[in-house]
Structure formats: structure tokens, C-alpha cells
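Chemist: any chance you could fold what I've pasted below:
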Amino acid sequence: MKQIHTITLRALENYKHFSLMNSGINLFTAIQTENETFHDYLKAWQEAFQEEDKVMYLLRKSLELENAQIQHDLRCNCLTALLGIIRHHARCTLSKSYTQAKRLYAHLKQVRLNKKVGLDKMSSSIHHILEILNLDEFKPLIPTLGLEDIYESLKTSHEAVILWQKRRDKVDVTKQLGKGALFHARQRTDETY
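Modeler: Down below sits the predicted model:
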């Protein structure tokens, strides 16, 4: 059987660190002693651990962000379909909407971002794409190309993402706790350990 000689607390993943600290506190809480210094150290350790627990709870993946991601995926799929159809019409010289589609695609291509840029940047990009699609010059092209359903889905899912982002921003944990909150909470727990 192998023996553990040292534990590098910083190297532990959050759940392992939490489990180790919880077990240690439970073990030392069960010890009956009259030593005041022991009780002071144990109390400081428990307080630091409770603070770490609170920070970990606040940093959990929020429901708002999960719902925003679902709607984000939907709007990205709609955007891909919409741009694909417009691109095909812009490349086909036999299309009745060739010149309009070509101009529209040139505008959309300039503001389109990769899906992996993140929710906030993609929201800005889609906002501009929707503005371009609502221009008088391009608005008639949507029904002509049969894009009404895709366009409406894109608009609806984009509005849903914006709504979930606003809810997320109301409870933005980074603003409440500051950057590196978990790191500092773990560090305090480690020091008291």
C-alpha cells in the first residue's frame, strides 16, 4: 500500500480540494479537547472553508447561461442556413434575385463572426445582421427566397439570448465577488489548514 507523504493543495481540482477540506474539518471537529489554540485554528479553518463553499456555490454554472447557450446554438444554426441560402443565390447567375442576393451577401459577410467568439460578440454581430436584413433594399428578398421561417426563428432566438444575457448580468458573480474569488478563497482555506 502506498503512503501519501505530501499533498500539494494548489494542484487539487476544486471538488477534490473541497472534499479534502470537508473531511479534515469533520475529523478535527469530532476531537474533544480543551486546547484553546486548537479551537481557534479550527474555527478559522471552518470560516475560511465556509467562504470557499459560498464562492463555489455562486460560481456554479448558472441556469441563465445554460438557457442562453441553447438559444445561441439555435440562432447560429438559423444564421448558417440563412447565409447559406443567400450565398447560393449570390453565386447563381440564373437566380432571379442574383444581384440583390450578391449585394446582401457582401454586407452580411462583413459582419458575420465565427460561432466560437462567444455570446456577447455574436449577439452584436447578429444585431447588425438583423439591421441589414431589415433595410428597405433587402427586406423584400426574405420572402422571395423563402426565408421567413428561418428569419423569424433567428430573430426570436436572438431576442431570447439577449433576455437571458440581461438576467445573467443582473447576477454577474464576477462583479459581486471580484476576479479570482475562488483562487483567493481556496488560498485562505489552505493557509488556515
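Chemist: which strands and helices sit next to the longest helix seen in the chain?
Modeler: Longest helix of the chain, by residue count under DSSP state H: helix 63-91. Helices and strands touching helix 63-91, by 3 or more Cβ pairs under 8 Å, 6 or more residues apart in numbering; DSSP states H and E, are helix 98-111, helix 119-133, helix 148-170. Where you see a C-beta, it was placed from the backbone N, CA and C, and this is true even at glycine.
Chemist: now render the ones you listed as JSON lines, adding mean pLDDT.
Modeler: Shown next, in JSON lines, are the helices and strands packed on helix 63-91 (pLDDT from 0 to 100):
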{"stretch": "helix 98-111", "mean pLDDT": "89"}
{"stretch": "helix 119-133", "mean pLDDT": "87"}
{"stretch": "helix 148-170", "mean pLDDT": "87"}
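Chemist: helix or strand: which one has residue 50?
Modeler: According to DSSP states H and E, residue 50 maps onto helix 36-58.
Chemist: now that helix: buried residues?
Modeler: Buried residues in helix 36-58, counting neighbours by 16 or more other Cβ atoms under 10 Å, are found at 42, 45-46, 48-49, 51-52, 55-56.
Chemist: what pLDDT, on average, does that helix get?
Modeler: Regarding helix 36-58, the rounded mean pLDDT is 82.
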